[in-house]
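*Asks:* Just the structure for this:
(chains A and B)
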Amino acid sequence: AQRVTQPEKLLSVFKGAPVELKCNYSYSGSPELFWYVQYSRQRLQLLLRHISRESIKGFTADLNKGETSFHLKKPFAQEEDSAMYYCALPNYGGSQGNLIFGKGTKLSVKP
Amino acid sequence: DAGVTQSPTHLIKTRGQHVTLRCSPISGHKSVSWYQQVLGQGPQFIFQYYEKEERGRGNFPDRFSARQFPNYSSELNVNALLLGDSALYLCASSLGQGRYEQYFGPGTRLTVT
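*Replies:* I've put the predicted structure just below:
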């Protein structure tokens, strides 16, 4: 079965430090992967989709099919990056409106 | 565009009662999906509707049902509420048809006592 694993529940870094939020997936084909972010008291927002290969708010993510990973990275963390981050994978065996989410990683950036 | 809207924001119900949650998608989006998010977990898929037809159903009991209206808005209904139904219910819309990215509403916080 397809699944998404985010091994870290909490990641705490200092402002200006590099940050990497890990995401591993299980799927044998070429997946389309997403990172969503939820800031305090705000809705879940689409941060990145790997097919567009864009950088949003300084974050990037590269799909590594060999390691089945899609880690989210930022070279210099800012306090405003503190939020919950979720990695998501389409359920290719289900409907197109069905995303499989990881349990999320809470990023805390300290001043 | 206001984005995806949901109502109500919060709701408190008693075990055994019924609840209806509402969602309006982004203008032009024809697909609506519902998710349940319990504390400490990522969203879990409940239903997807596209062009007013159910296109997908997650692993939830038959107490959960939904529908989509001609204007693409949607309702999620839950009957015979259990304490375990307490969660944040999220609605997401998308263009559908080959487009996987979804845009989420603020959610409805349901508390069952």
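*Asks:* what about the chain, any weak spots by pLDDT?
*Replies:* Since no chain was named, I'll use chain A. Across chain A, the ranges flagged by pLDDT under 70 are A:95-97.
*Asks:* my question was about chain B
*Replies:* Ranges of chain B meeting pLDDT under 70: B:1.
*Asks:* Can you pull the residues of it lying near chain A?
*Replies:* B:3-4, B:31-33, B:40-45, B:48-50, B:55-56, B:58, B:90, B:92, B:94, B:96-107 (Cβ under 8 Å from any Cβ of the partner chain). Heads up, the C-betas are built off the backbone N, CA and C, glycines and all.
*Asks:* Pick out the residue of chain B closest to chain A.
*Replies:* Relative to chain A, the nearest point of chain B is B:Gly56 (2.7 Å; Cβ to the nearest Cβ).
*Asks:* buried subset of the residues of chain B next to chain A?
*Replies:* Buried members of the residues of chain B next to chain A, counted by 16 or more other Cβ atoms under 10 Å in any protein chain shown: B:4, B:31-33, B:42-45, B:48-50, B:55-56, B:58, B:90, B:92, B:94, B:96, B:100-107.
*Asks:* How far does the helix or strand containing the residue of chain B closest to chain A sit from its chain's centre?
*Replies:* Per DSSP states H and E: B:Gly56 is located in strand B:53-57. Relative to its chain's centre, strand B:53-57 lies at 12 Å (Cα atoms, centre = their mean, to the nearest Å).
*Asks:* ok, residues contacting it?
*Replies:* By Cβ atoms under 8 Å, 6 or more residues apart in numbering or on different chains, the list of residues contacting strand B:53-57 from outside reads A:91, A:94-98, B:31, B:33, B:45-49, B:66, B:68.
*Asks:* got the contact list for A:Asn24?
*Replies:* Contacts of A:Asn24 by Cβ under 8 Å, 6+ apart are A:Val4, A:Thr5, A:Pro7, A:Glu67, A:Thr68, A:Ser69, A:Phe70.
*Asks:* Who wins on neighbours among the residues you listed?
*Replies:* A:Phe70 (25 neighbours; other Cβ atoms under 10 Å in any protein chain shown).
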